[in-house]
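In: Quick one: sequence and predicted model below, then my questions.
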Amino acid sequence: MTIAVDRKDFLRVVAISGAGLSLGLEMASAPADAAAPAMAAPPAFVPVAWVEMGNDGLTTVVINQTELGQGITTALSMCVAEELDVPMSSVRFRISPAETKYYNAAWHGIQTGGSRSTPSMSPVMRNAGATARAMLVSAAATKWSVDPATCSTSNAMVYGPGGQRAKYVDLLAAAAALPVPAAVTLKTPDKFKLLGTRQARLDVKPKTNGTAIYGLDVKIPGMKYASIEKPVQIGGKVASFDATAALKYPGVRKVIQVPSGVAVIADNTWAAFQGRKLLKVTWAPGPNAGVSTDTIYSKARLLSKTPGVVLKTAGDVAGPLSGKVVTASYETPYLAHAPMEPMNTTADVRADSVTLYTPTQAQTDSQKTAAKITGLPLESVKVVTTFAGGGFGRRGETDFIEDAVYVSKAAGIPIKLIWTREDDIRNDPYRGGTVSSMSAALTPDGKVTTLKHTMVSSSIVARAIPFLMKNGVDPLAGNGMTNTAYQIPNQLVDWHQLDVAIPVGFWRAPYANSNTFATESFIDELAHAAGQDPVAFRLAMLEPGSRPRNVLERVAKLAKWGEPLANGHAHGVAMGQWDEGWIAMVGEISMPNGKLKVHKMLASVDVGQPLNIDGLEQQVPSAMIYALSAALGGKITFADGGAVQKNFNDFTVLHMVDSPEFVIDIVRTTEKSHGAGEIGTPCVAPVLANAIFALNGKRIRTLPLNDSLV
Amino acid sequence: MVKLTVNGTDHNLDVPDEMPLLWAIRDVVGLTGTKFGCGIAACGACTVHLDGAAVRSCVLPVKNAVGKKITTIEGLAPIDKPHPVQVAWVAQNVPQCGYCQSGQIMAAVALIERHASPTDQDIDVAMTNICRCGCYPRIKSAIKTAAASVKAGHVA
């Protein structure tokens, strides 16, 4: 099918016959990008769903992960180009439609999150590139009547044993006629030309000239703009409303009630926003009436003093601790995700179909949501994934999809549904607040014999993916506690589900982002209780030659740990993990006039075989800056069931002036590749708390740090 | 009717006087490179130039832009002949999600026009735009490269 579009020269919508829709996200790093055709010619050679080779000499890599800024479109394109032996300058990408042939096996659908894109899709994309290459070699070998094994490839050419040579572009038709091989051999890492090198992002140009299309930039024929007035109290409902004044505002067309509030439909975004201000809505209280930060934490603190369900146990943890006993409690606040692009979706709900144009991290769930609301089958819901202005887990939710579908369905026209920043901050499935109660026993010579950690947190899994709960246990709740590398003979981690109706969601490095503050602060406290250096104390608990020990040794060396710093400066250290990736971090701080100043953050990171070094050098500091925002001043508090903070004036985030120097050390290894979107986040807060203690002996056990320093 | 001059082209818009310039540019003129981030001039995603000065268009009523030269990211330079700031952004792979970058670039261009060789402090003071991906180190570095390039005469 073909969709007519508002033909701005910077908005390209490509209609692909019979294959659903793809927004104008095709691009190459080659000069060709500026001149990419509005209508794509059918590719000459499509060996697998992920690779399309055209007679123009360009290879289009089809990506089933959302580009949230993490650089996955470049990294996965590199995987194809590596095995296919084509230069990156001839590679472009497009985001796949949400069809079953593009499903990610790790998600049983299409979804982006948890740093899962790299481990789940990099092997698939390498295999796709190798498959295409094998078929091109086979086509050339047949033409030359030689054994394919005697041929080689380089730079989009096949070379034969007798000096024959053929360009890929001249072999496409012959290759397309061949059967797809069942198995192919991947390159060994020593043969890599691209993976582990520094490559330019394929999406960099459109992101510097205003042509990149995000969800908020979508425009389709007949579309109106809508925004929904929502209750301040989370979970509140509309009791009644009066739209008389709103309907008089120029450009306001219609006002309708939807499940999440009252929608104002207008000719432009501003009119929709103004219409909302003119509504008179009476709200009925919901399950969060009377809930405040105090009520939540009072409940959590009480729970933290009692045993919870066991997440991990090792050795002998029965009975009271003996020897030198250390105890401490830690608290972390609720946090909003606050990606730069507010939540939005353009929905075109028709009698027999739905099309969603959306910056989603959860295409399949979005389809399910629209199908459920409209009663249409899943296949009738098309998803056109745009660039996303940040995600951090927020766009894995479907609340903004629901809003758009309900409004378009009720209005009978295509709707661009836009949340304000206030809607975003006040209706977030937040990073939940936590209380951790820790205790440990040390021998006289400072060895940890027993470590106990009682954690109280709300369960994201129970809310978002309840079928994964097992006997009341959230399988992810222990992330950052149960999977530390420390060799401590007796360990107990138990957990209380904090049952409050404030929704909690996956927020960069879910669970570990709060749990690690407790674990790594407490380890530091134990080091000081034992009279030992915090790095040496940790190294003594790490298996010699292991990957976690390696990153700690490397960052300590890089930071010149233990050597004198500038007057009034101090170092703090922490380490952590995500999947099978490891990180160790050192931060350098000072406190001029009692105010925390972060000067330098150093990290050594081992996420297996690196894909794009430049991407890792972006992602690790990216996660660290996201965590700095949270550690220094980030908090959401509640009064009568609603968030007190509203926008970037009171939900404070890091600005350039407070951004420290970063030194990122990437471990070169050929272990399995893992993602790097999360791993930089969890260690930042404990690094800073530990540095503050090193500086002035003040132990901060409650985040954000700036509140505790007052 | 409000008459606006955007990237050298006049537009007669049937919008209320108080409509912020951002929404007139995005929804009515149809240039979507300028972004909405907060609506209270706190994040800078909506930064455009008004007679060459960086302004936050999400709180600027259109009536205050009448008779002034409005430049958006689309009007900064031809697509095939980018501004030195854009060149530096590409060379250093600055963007991640990219959503704030139009505003960052417009703020950086205005800064360089005021300070030919901005110091770290000049950059910290001028660049108050929020980036949630944390591109700050590369933004700072790219501004210095771009400033040096402009000074050397590579003006777009």
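Out: Noted; the coordinates are in hand. Residues are numbered from 1 along each chain as shown, chains lettered A, B, ... in the order given.
In: hang on, residue A:257 is in a helix, isn't it?
Out: No: counting by DSSP: H, G, I helix; E, B strand; the rest coil, residue A:257 is not found in a helix; it is strand.
In: Let's see stretch A:276-286 as PDB, backbone CA atoms only.
Out: Provided in PDB are the C-alpha atoms of stretch A:276-286 (Å, rounded to 0.1, in the frame of the first residue of the first chain):
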ATOM      1  CA  ARG A 276      -6.600  21.500  28.500                       C
ATOM      2  CA  LYS A 277      -6.000  24.600  30.700                       C
ATOM      3  CA  LEU A 278      -9.600  25.700  30.100                       C
ATOM      4  CA  LEU A 279     -11.200  22.400  31.000                       C
ATOM      5  CA  LYS A 280     -13.000  22.100  34.300                       C
ATOM      6  CA  VAL A 281     -12.500  18.600  35.500                       C
ATOM      7  CA  THR A 282     -13.600  17.000  38.700                       C
ATOM      8  CA  TRP A 283     -11.400  14.100  39.700                       C
ATOM      9  CA  ALA A 284     -12.400  11.000  41.700                       C
ATOM     10  CA  PRO A 285      -9.700   9.700  44.000                       C
ATOM     11  CA  GLY A 286      -8.000   6.400  43.200                       C
END
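In: In contact with residue 51, which residues?
Out: No chain was given, so I picked chain A. A:59-62, A:80, A:84, A:128-129, A:131-132 (C-beta atoms under 8 Å, 6 or more residues apart in numbering or on different chains). (Each C-beta comes from the backbone N, C-alpha and C, glycine too.)
In: I was thinking of chain B, sorry if that wasn't clear
Out: Residues near residue B:51 by C-beta under 8 Å, 6+ apart: B:68-69.
In: How about the residue of the stretch 101-250 of chain A found nearest chain B, nearest residue that isn't a chain neighbour?
Out: Closest residue of the stretch 101-250 of chain A to chain B, C-beta to the nearest C-beta: residue A:210 (2.2 Å). Ranked by C-beta to C-beta, 6 or more residues apart in numbering or on different chains and with sequence neighbours excluded, the top spatial neighbour of residue A:210 is residue B:33, at 2.2 Å.
In: My read is that that neighbour contacts residue A:209, right?
Out: Yes: if you go by C-beta atoms under 8 Å, residue B:33 and residue A:209 touch, sitting 7.3 Å apart.
In: Quick check on residue A:465: phi, psi?
Out: phi -140, psi 60 (degrees, to the nearest 10).
In: ah, wrong one, I meant residue A:432
Out: With angles defined as degrees, to the nearest 10, residue A:432 sits at phi -70, psi 150.
In: For the contacts of residue A:51, which two are the farthest from each other?
Out: A:60 and A:131 (15.3 Å; C-beta to C-beta).
In: number of nearby residues for the residue nearest to residue A:210?
Out: Residue B:33 has 26 neighbouring residues, counting by other C-beta atoms under 10 Å in any protein chain shown.
In: Can you give me the distance of it to residue B:53?
Out: Per C-beta to C-beta, to the nearest Å, residue B:33 is found 18 Å from residue B:53.
In: The residue nearest to residue A:210: what's it in contact with?
Out: A:10, A:209-211, B:72-74, B:102.
In: confidence score at it?
Out: Here the pLDDT value assigned to residue B:33 is 98.
In: max-length helix in the chain?
Out: Just so you know, I chose chain A. Taking DSSP state H as the criterion, chain A has its longest helix at helix A:117-144.
In: looking at chain B here, not the other one
Out: helix B:136-151.
In: Contacts for that helix next, please.
Out: For helix B:136-151, with C-beta under 8 Å, 6+ apart as the criterion, the contacting residues are A:618, A:621, A:625, A:654-656, A:659, A:661-662, B:84-85, B:87-89, B:91-94, B:104, B:108, B:111-112, B:115-118, B:120, B:123, B:127, B:131.
In: re earlier: can I get the contacts of residue A:51 in TSV with pLDDT?
Out: Listed next are the contacts of residue A:51 as TSV, based on pLDDT from 0 to 100:
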residue	pLDDT
A:59	97
A:60	97
A:61	98
A:62	97
A:80	98
A:84	98
A:128	98
A:129	98
A:131	98
A:132	98
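In: Nearest to residue A:345 among those?
Out: residue A:62 (22.3 Å).
In: residues from the stretch 251-400 of chain A in reach of chain B?
Out: For the stretch 251-400 of chain A, the contact set with chain B under C-beta under 8 Å from any C-beta of the partner chain comprises A:267-270, A:273, A:338-342, A:387-392.
In: Return the closest of those residues with respect to chain B.
Out: residue A:389 (2.9 Å).
In: hang on, the closest one packs against residue A:212?
Out: No: Residue A:389 sits out of contact with residue A:212 when judged by C-beta under 8 Å, with a separation of 9.4 Å.
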